[in-house]
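# next input, structure requested:
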Amino acid sequence: MNPTGRLVQGTLPEPVVRTLVAFEDAFDAKLRLLSLPSEPGAASEVLYASAGFDDLGPDALCSKMTLRHQPTDLELQVGCGGSGPAEAVSKALTTVLSLSWEFAREIEFFTYELSERFEEINLLYSISETLGSTLDLTDGGPKILTEVRDVMGAKRGSLWVFATEDASLHLVAQVGEDGRSGPILPGRRRE
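So this is what the prediction gives:
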């Protein structure tokens, strides 16, 4: 419970909670949002409940909601205690709630994507900074590979350079688990 007497489940996105509170206040409505069980016989989980919702008894209107990124269906229960049009509030709130939930999920997704791109840009900046401070790949290579490996979540990283003298790839730097170290002749299978 929070200080206003409402029950708010922590998994609810903030825009959804604000939408519920706004409708509750604007229409003097009592609301409850349930996550319906995915297995028969299991109990519903209360995600949100107005203070005093249980006092309404069987007069509450129920609307089922199916959301794209929600694993279970939801049920919105609306009661206006005889002072308002519960059916109109229920229909409007169902639509607005669905949109709020979808927008909240999209914001979470784009925030995550932006964070990932930021990491990649920082990696590129760090690589260019390392390359600008040294021209020797044997010095800068391990530092660059360590950063790339960390961002990519890899166990091992290696940097190979093509040598025109013998037309093969030579290991310049490696980090992480041990791997191949001898020259590689492109186009030939490893025996």
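# name the element Tyr125 belongs to?
Secondary-structure assignment from DSSP states H and E places Tyr125 in helix 86-133.
# if you could redo that for Leu34, that was the one I meant.
Per DSSP H and E: strand 30-35 holds Leu34.
# next SSE after that strand?
Following strand 30-35 in sequence order, the next helix or strand is strand 45-49 (DSSP H and E).
# partner strands of that following strand, with direction?
The pairing partners recorded for strand 45-49 under DSSP bridges are strand 7-8 (antiparallel), strand 30-35 (antiparallel).
# just name the most buried of the ones you listed.
strand 30-35 (a mean of 22; mean count of other C-beta atoms under 10 Å). In short, each C-beta sits where N, CA and C put it, glycine included.
# who touches that strand?
For strand 30-35, contacts defined as C-beta atoms under 8 Å, 6 or more residues apart in numbering pick out 12, 20, 23-24, 44-50, 52-53, 55-56, 60, 70, 72-81, 93, 97.
# you'd agree Leu171 is in a helix?
No: counting by DSSP: H, G, I helix; E, B strand; the rest coil, Leu171 is not found in a helix; it is strand.
# got a list of what it touches?
Listed by C-beta under 8 Å, 6+ apart, the contact partners of Leu171 are Ser158, Leu159, Trp160, Arg180, Ser181, Gly182, Pro183.
# what distance do you get for it to Ala86?
Going from Leu171 to Ala86 by C-beta to C-beta, to the nearest Å gives 73 Å.
# need the pLDDT of Thr19.
Model confidence at Thr19, given as pLDDT, is 91.
# going by mean pLDDT, which of the strands paired with strand 45-49 comes out lowest?
strand 7-8 (a mean of 78).
# ok, then the element right after it?
Assigned by DSSP H and E, the successor of strand 7-8 is helix 14-26.
# export only the CA atoms of that next one, formatted as CSV.
Taking Å, rounded to 0.1, in the frame of the first residue of the first chain, the C-alpha atoms of helix 14-26 are listed here in CSV:
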residue,chain,number,x,y,z
GLU,A,14,4.7,4.5,-14.2
PRO,A,15,2.6,5.9,-17.1
VAL,A,16,0.0,3.1,-16.4
VAL,A,17,-0.1,4.0,-12.7
ARG,A,18,-0.5,7.7,-13.5
THR,A,19,-3.3,6.9,-16.0
LEU,A,20,-5.2,4.8,-13.4
VAL,A,21,-4.8,7.6,-10.7
ALA,A,22,-6.0,10.3,-13.2
PHE,A,23,-9.1,8.3,-14.1
GLU,A,24,-9.7,7.5,-10.5
ASP,A,25,-9.6,11.2,-9.5
ALA,A,26,-11.4,12.6,-12.5
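# in it, what counts as buried?
Within helix 14-26, the residues that qualify as buried are Pro15, Val16, Val17, Thr19, Leu20, Val21, Phe23, Glu24, counting by 16 or more other C-beta atoms under 10 Å.
# by how many degrees do that helix and strand 45-49 diverge?
50 degrees (axes from the mean of the first three to the mean of the last three C-alpha atoms, to 10 degrees).
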